[in-house]
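Novice: this is the structure alone, sequence omitted:
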């Protein structure tokens, strides 16, 4: 495996893990808010942590899937990424979604799962790429 290919694989794995951890965090956060109000865990539900996480997820998935798409030209990963990012960003910037605990948690959790699945689809597409006469690179 070339160093460039290894970096793409590592980036997809990191992105999938980060996205899925984000989804778990967003799905469990309402429960934590209810059962643990006395804990000093305020940093985990701070808006800044959420914005930084969504920004990091966005940058990683765009770089990873962008380079993957240039290599394999498969649309399935992008078809998962776009609605995932839209859901995550809507939970941050659309006031009715952002201010509703249930809608916010659902949008972030489903969006994170979709972005994680996009990384996994990109990994699969990168592994299935065969260099042939019609290869663009």
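Specialist: All right, it came through fine. Since this is a predicted model, take the numbers as computed values, not measurements.

Novice: pLDDT below threshold where in this structure?
Specialist: Scanning the chain with the threshold set as pLDDT under 70 gives 1, 26-46, 128-137.

Novice: which residue ranges of it form helices?
Specialist: Remark: helices assigned in the chain by DSSP state H are 3-35, 47-72, 76-93, 95-98, 101-127.

Novice: deepest-packed of those, please.
Specialist: Compared across these, helix 101-127 shows the largest average neighbour count, a mean of 21 (mean count of other C-beta atoms under 10 Å). Using the backbone N, CA and C atoms, a C-beta is placed for each residue, glycine as well.

Novice: quick one: list the elements packing against that helix.
Specialist: Here helix 101-127 touches helix 3-35, helix 47-72, helix 76-93, helix 95-98, going by 3 or more C-beta pairs under 8 Å, 6 or more residues apart in numbering; DSSP states H and E.

Novice: which of those helices sits closest to residue 108?
Specialist: helix 3-35 (3.3 Å; C-beta to C-beta).

Novice: who's in contact with the residue lying closest to residue 16 once chain neighbours are set aside?
Specialist: Of all residues not flanking residue 16 in the chain, residue 119 sits nearest, at 3.6 Å (C-beta to C-beta, 6 or more residues apart in numbering). Contacts for residue 119 (C-beta atoms under 8 Å, 6 or more residues apart in numbering) come out as 12, 13, 15, 16, 19, 61, 64, 65, 77.
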